[in-house]
Structure formats: C-alpha cells, structure tokens
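Asks: Dropping the sequence and predicted coords here.
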Amino acid sequence: MFRNTFIRFIANILLLILFSALSMWILLSSTSDMYLILSLFAIAVVVYRIIKLYNAAPEKIAYFFNAVENEDSTLHFPENTLHKANAEMHKSLNRINKLIQEAKFRNREQEQYYSLMLEQVATGIVVINESGNVLQANSAAKNLLNYPTFYHIEQLKRIDADLFNTFHRLINGETHQFLKLTYKNNITQLSLRATSFPGHGENLRIISVHDISHELDAKELDSWMKLIRVLTHEIMNSITPITSLSETLLRYYAFSDDSPANINENTIPNTIKGLELINERGNGLIRFVESYRKLTKLSKPILQTIPLKTFIDHLLMLLSHEENFSNINFSVKITPEDLSVEADEAQLSQVFINLIKNAMQAVEKVPEPHIEISARAKEDGRTQISVQDNGAGIPDDVIEQIFIPFFTTKENGSGIGLSLSRQIMKNHGGTIDAHSVSGKTLFVLNL
C-alpha cells in the first residue's frame, strides 16, 4: 500500500501535522529541550520526504531523457502501481521509449539502405563538413581518388596537391571543378560538383566525383574528325583547281621528238589566266593557313579594367563606316551604367566586332533592323553581356557547328570568327553561347 505515492504523500502530511502539534505542546508545556529537538528533527525528516516525493516525478522524467540521450533502450518503468497517475506516467514513458526504439531501428534500416544504394552508384559521392572531415565516402569515390580509407581531405595531399586544392575550393563555395589526376602513370579526368545542405548544426557539402575520361576522349575525337573534314575540304578546294590547271598548262608546252609543243595564238592568254587562277588559289590557301595559325597561337590576355559603356560606344563608332550601319537601330543597355570588366581590350574588341558584324549581316534584309547590346552584373559576381538581333535566325543544324573552326555558311567567310571568339573567352575564364529562333538570334558572353 505504501508504494502508492499518493498514500505516502498523505501519510507524510499527517506526520508533519502530528509532529508540528507535538512540538507546539512541548514548547508550551516547558518540557525538556531534548524532546523539542527530537520533535523538530522529525519535522525536518518529514519535510525532506515530502520534498523528495514532490521531486520524484520530475527526476524520473529527467532520468528517462538521460537514458534516451545515452541510447539506453533497456529502460522500463513498472506499470502495475497502485497510484493511478504514476501508472499512467510510466505507461506513457514506456510507450515513448518504444516509439524511440522503433524510430532508431527505422533510421538504421534507412542508413543501411542508403549506404547500399550509394555503394551501387558508379559516381563517387563524398560528404564533407566545414572542417574537412569526411563523413561519408562510397567505394566509387575511394576508387576514383585512389584512397581506400578516406577520413579527411588533408590525406589527399599525399596523392596530389592539386586534388587537395580542388576539394578545398569546393568546400569553400565553388560548385564545379575539373581535374586531371595522375596516379601510377594512369591519367584520369575528373569532374567534381558540390552541393551544400545543413546537417547536425553545421554546413555540409556533398561532392560528386565523376570520371569523364571516356566522354572527353569521344568529344576530342569528334572535334578532330570535324576539324580534319574542314581542313580536307578547304585544302582540296584549293589544290584540285591548281593541279588541274597545272596539268592543262603542262600539256601546252610538253613536247618530244614525236610530238611538237601545242602552242598557238591562244596559248599565251590561256597560260596567263591559268597562272592567275593558280596564284589566286595559292594565296587563298596561304590565307587559310594564316587563319589557322592565328587561331592556334592566340596570345595570353593582358587584363585591364574596361568600362563597358565607353568600350561599346567606341566600337560602334569604329563600325559606323560599315555598309548599312546607318539603316540599323542600335540600342545599348548597361546595368549599372558604370559596369566594367577585367579583360584584354584588344582581344575583347575582336569578339565584339565579330559579333556585331555578324548581327549586321543577319539583319540586312529585315524591314526594321534592330541590334541590342546589353550588359548586367550577375549575383555571382560575373558579368553577362549579350548581342541580340532580329534577323532570320540560325537553323538548328547550323547553330551546333558555328563554333567549329573554319565552319562557315558565308561565301567569303573564313570560318574562324566565332571559334576565335570562343577561344578568347575561354582564355579569359569566360564563356560564349548562342541561342536562336526564327526572328531572333542571341549571343551571350559571361566574364
């Protein structure tokens, strides 16, 4: 019966009243002080027991949560107590403990599931905190990084300093990095992408590691094949007429004892015309080779601060002598107006002159020709510049090839303008892209 907290509490209250009354009687009857001290001591003991009973429930709950925090799943409270309130509390605590155990079990199952799933993924996955500690790394990542036990990015210094620096940049905010990793005479091209997410009170980074060697090899082979086709086409276009004309002229002057030279009044003019054509095609071939040299020997950019508004106004003034310039409506929008970029002014001028000239040619037959040049500062700190015209647009099958060296749809075009522009932008750490639909063509530059 005395296990019932309520009964114990009532009993202690009654004892407190009894000993208080006894102390008062002793005090009033002038009985020995020893009895008074014993009575007060008994009151203190009873008060202590009342306080202990009062704190029993909070202490029990605190004990329960400490056990949960320490992952003690064996805790169990008796439910067959005579005190109904305590019995209900014990049932609730046991039920909560069971739910927590079930949640932990499900979490373990999910962890095992995701771990097994990560192990089956061909892409390497690495989870890293802000301190560089590796919280998770699947087998694909360890194989690609050539590190079977990967716990901290500092370990990567032993393999390759560039690999360590790449991971360090990804932890500190970069989202995409390319890396050529050399290990035991094997070269691997890696593409690494990073994504942030909050976890356990800190910012974590998920880094995916992908081997793109085969993709790059295929891309490089495809680029070489396209370039070889263009080179073969251009060279054959020049060499074939030269060979044909030289054979014709050779027949004019070839003779032997049995066959005299076939020379008459038309031979000299025909010879001159043939030599002129040979000279023209030869010079054309020389110009083609010079264009190739120009494309492959682009100098390193000398960076300087270029105010875009002044820069573009100056270029339009230089192009104002071009045919049909006065018929075209040009608009320039710079946001903010004092926006500037760090670039090589001469090389950037080549890019803009090429794009503006292309746009001018695209709008030659448009009733209301319009070219818009705009620039704006992006949130990521980069500058986006665009050149847009309202011409007929570029067909889908052509726009995929416009950046290939020597590809051109113009009768007298060299085919290096856009490829040279892309190379210049690449050397500046930027990009150039083209988008076209019927009635609009847009070239976008990012610096």
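Replies: Great, that's in hand. All of these numbers come straight from a predicted model, not from anything done at the bench.
Asks: Buried by neighbour count: which residues of the strand ranked longest in the chain qualify?
Replies: Longest strand in the chain by number of residues, with DSSP state E as the criterion: strand 186-199. Buried residues in strand 186-199, counted by 16 or more other C-beta atoms under 10 Å: Thr188, Gln189, Leu190, Ser191, Leu192, Ala194. Quick note: C-beta positions are derived from backbone N, CA and C, even for glycine.
Asks: now it: how far from the chain's centre is it?
Replies: Remark: strand 186-199 is offset 9 Å from the chain centroid, using C-alpha atoms, centre = their mean, to the nearest Å.
Asks: elements contacting it?
Replies: Contact analysis of strand 186-199 by 3 or more C-beta pairs under 8 Å, 6 or more residues apart in numbering; DSSP states H and E lists helix 161-171, strand 176-183, strand 202-211, helix 213-253 as its packing neighbours.
Asks: which residues of the stretch 201-350 of the chain score low on pLDDT?
Replies: 216-221, 223-224, 226-227, 230-231, 233-234, 254-265, 288, 291-298 (pLDDT under 70).
Asks: And the helices in the stretch 301-447 of the chain?
Replies: 308-318, 345-362, 396-399, 417-427 (DSSP state H, counting those that start in this stretch).
Asks: Tell me which of the ones you listed lies nearest to Asn66.
Replies: helix 417-427 (60.9 Å; C-beta to C-beta).
Asks: quick revisit: nearest to Leu38, of the helices and strands packed on strand 186-199?
Replies: Closest among these, using C-beta to C-beta: strand 202-211, at 61.0 Å.
Asks: Paired strands for the closest one, with orientation please.
Replies: Next to strand 202-211 in the sheet, as set by DSSP bridges, lie strand 124-128 (antiparallel), strand 186-199 (antiparallel).
Asks: Would you mind pulling the contact partners of it?
Replies: Strand 202-211 has contacts (C-beta atoms under 8 Å, 6 or more residues apart in numbering) with 123-130, 135, 140-141, 144-145, 167, 170-171, 188-198.
Asks: Next: stretch 61-72.
Replies: Taking C-beta under 8 Å, 6+ apart as the rule, stretch 61-72 contacts Leu75, Phe77, Met89, Leu93, Ile96, Asn97, Ile100, Lys104.
Asks: distance between it and the chain's centre?
Replies: With C-alpha atoms, centre = their mean as the basis, stretch 61-72 stands 43 Å off its chain's centre.
Asks: my read: Asn129 touches His152, true?
Replies: No: using C-beta atoms under 8 Å as the test, Asn129 is too far from His152 to be in contact (10.1 Å).
Asks: okay, the two: which has more neighbours?
Replies: Asn129 (15 against 11; other C-beta atoms under 10 Å).
Asks: Please name the residues that touch that one.
Replies: Asn129 neighbours (C-beta under 8 Å, 6+ apart): Leu135, Glu202, Asn203, Leu204, Arg205.
Asks: neighbour-wise, which of these leads?
Replies: Busiest of the contacts of Asn129 [other C-beta under 10 Å] is Arg205, holding 22 neighbours.
Asks: beta partners of it?
Replies: Counting by DSSP bridges, Arg205 forms beta bridges with Ile128, Ser196.
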